[in-house]
Each structure stands twice: as structure tokens, then as C-alpha cells.
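Colleague: 3D, please:
(2 chains)
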Amino acid sequence: MSSIVTNRWLLAASAVVVALLAALATTLSVAAAAAASNPPGGDLTGCKGTVQSFDSSGKQIDTITFPSAVGSSSSSPFHVDSGGKVAHDGSSDNLILNNSWHVSVAGITVRSGGAPNKSHTQSDKGTDDVSKYMPFKVTGLYYAEFKLSGDGGSCSGNMWVKLVGSPVGTPAWIAGIVLAVLGLGGLFVVGRPSYGDAPVVPPAAPTMPPDSPGGSNASVT
Amino acid sequence: MQASPDRLRTRHPLWGALFGLLLGVGVALLVVVYGWVPFSSWLEMLAFVIGITAFGILVGVFAPIRRPSW
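Modeller: The predicted structure is shown next:
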């Protein structure tokens, strides 16, 4: 009886999980299709400029100009290839000396630096490998922030970044699959309640027939 | 005398939490690398993992009992 109940419960739980995953996949695929067609958006204050992304072969993937007509939104990400490059060309509204800057992804600082800016320049141009911002190849959708501040002013901005490409085979994907399988398997094999040891039952007191010498305590009321 | 199974039930909230945590981290990683859910902060991801860990605890406490080996 117990195994029948367990099997039914497992079937019901599996059906719910599959239904939820199917609904999630459908919703997200529609959202992803919509996001793919949206122009990238972002917010930047205190400076302006253009950012372009290129894949590993040098082909341009995406471009965004600040100030952007579209605000920062997960449905309007800036597409980047984790094996490619990002080029920027911008200028600050004010002269910023003794500055420090950082780039954070999902609230975690991935790169930082600073400069005294002795040449008193207000513009900057350059190209960076995306791998400088990520310790290993990753894909997915991330919220990225930039901030530069110092004597004279500041420049800060944010946008959603979509690291394109298949996640299959990446370290995070492998770790995710392994942990999910271990967790799900362990949860249903070890984590569920089980039968414990039988409680120690004290031996029953010997009873004596009522007609035996001395009688029985059980018959006394 | 045979005790009822309810009296013998041993719950495993700690095992449930441990495997729920593993499941949560694994699913969170997959969700992130596929870009299914836009986490704007690692705190949101932490909340997601904690939610699945809580599910694991519930499984360890309230799920149907495993088939006995005896």
C-alpha cells in the first residue's frame, strides 16, 4: 500500500514538474524571441558614447549608443560573444581627475581600475576581450553596471548583457547538470522520510491464570 | 503487536535541505546560463536557491515514506 501511494505521489510530482517546465520553456522562448528583436537599451549619466560588440571572428554583433532611446531592460539586452571583443568610444561631461572605476555583473565586481588622468582628457577609446571580464566561458543574461568617479564628476550606467552562444559544455552548465541530478536523486532516494528502527517495547508482564494460587492483578478492579 | 507506520516514520529535514540546496544551486546555474530568468543581483539568485532548499526540507518532512527494506 505504501509503495502504491509513493508511486502515485512520485507520478503526480513528476507530472507537475514537467508541466511547470513546459510552461516555463514556452513562456521563456516567446520572451526570448521578443528580446532578440528588441534594440539594446541602457542608462548612462555623466557621459556619452558608443559600445560595439564583435564575435571571435571580428564580425559585429551589436551596438548601442548612449544616451540610449531605450532604457535598461532585460527584454532589450546588449548582445556579446564571450569569446569576442567589446569596443567603446566615449567621453565624460566633466573633467574627472584621480578617478576610479569598476564594472560589476549581477552585483559582483568583475573588473576595476583607476587613473590620475594627468593628461586631463575627457574621452576614452579602446577594445577589450570579453574574457577579461569573465574568468571562464559563460552564457546567459546578466545585469551589468559601470561606474567611474573622481575629482570633478562621475559617470555611471547600467544595461542588461546577453552572452550569446550555446551553454552546453561550459563549466557552469556542467556544474548545473551534475548538481541538479545529484540533488534531485538524493532528495527522492535519501531525503524522503523513511521507516526508522522499531521502538523498544517493554516485555509484557507475565500473567497468571485467575485460578492459580495468588490470583491475577488484572482481575482486581 | 505491530506499530503503525506513522509511529515509525523518521523524517529527514537535514538530508532534504542538503539535497534541496544541491538541486537549487544546480537549477539556478542552468537558469542563469540559459538566460531563462533575468537575475539582476546575486541576492535574487540566493533567494531562488533558498526557495528550492525549503522545498527540499518539505520533501524531507512531508513526502510519502520510502518503501521499507524489511
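
Colleague: quick one: residue A:64 from residue A:106, how far?
Modeller: 19 Å (Cβ to Cβ, to the nearest Å). Using the backbone N, CA and C atoms, a C-beta is placed for each residue, glycine as well.

Colleague: just the pLDDT at residue 8, thanks.
Modeller: Let's take chain A. At residue A:8, the model reports a pLDDT of 64.

Colleague: my question was about chain B, not that one.
Modeller: On the pLDDT scale, residue B:8 is placed at 74.

Colleague: could you do residue A:138 as well?
Modeller: So, for residue A:138, pLDDT stands at 88.

Colleague: which residues are in contact with the residue most central in space within chain B?
Modeller: Ranked by distance to the mean C-alpha position of chain B (Cα atoms, centre = their mean), the top residue is residue B:56 at 1.5 Å. Counting by Cβ atoms under 8 Å, 6 or more residues apart in numbering or on different chains, residue B:56 touches A:183, A:187, A:191, B:16-21, B:23-24.

Colleague: among those, which are located in helices?
Modeller: Secondary structure assignment by DSSP state H places A:183, B:16-21, B:23-24 of those in helices.

Colleague: tell me the one of the residues you listed nearest residue A:161?
Modeller: residue B:24 (24.3 Å; Cβ to Cβ).

Colleague: excluding covalently adjacent residues, which one is nearest to the closest one?
Modeller: residue B:52 (3.3 Å; Cβ to Cβ, 6 or more residues apart in numbering or on different chains).

Colleague: looks to me like the one you found is in a helix.
Modeller: Yes - checked against DSSP: H, G, I helix; E, B strand; the rest coil, residue B:52 lies within a helix.

Colleague: show the contacting residues for it.
Modeller: B:20-21, B:23-24, B:27-28.

Colleague: got any ranges where the chain has weak pLDDT?
Modeller: Chain wasn't specified; assuming chain A. For chain A, applying pLDDT under 70 flags the ranges A:1-37, A:197-221.

Colleague: oops, I was thinking of chain B
Modeller: In the predicted model, chain B carries pLDDT under 70 at residues B:1-7, B:68-70.

Colleague: next, count neighbours for residue A:180.
Modeller: Applying other Cβ atoms under 10 Å in any protein chain shown, we find 20 residues neighbouring residue A:180.

Colleague: and what of residue A:169?
Modeller: For residue A:169, using other Cβ under 10 Å, the count is 8.

Colleague: which element is it on?
Modeller: Using DSSP states H and E, residue A:169 sits within no helix or strand.
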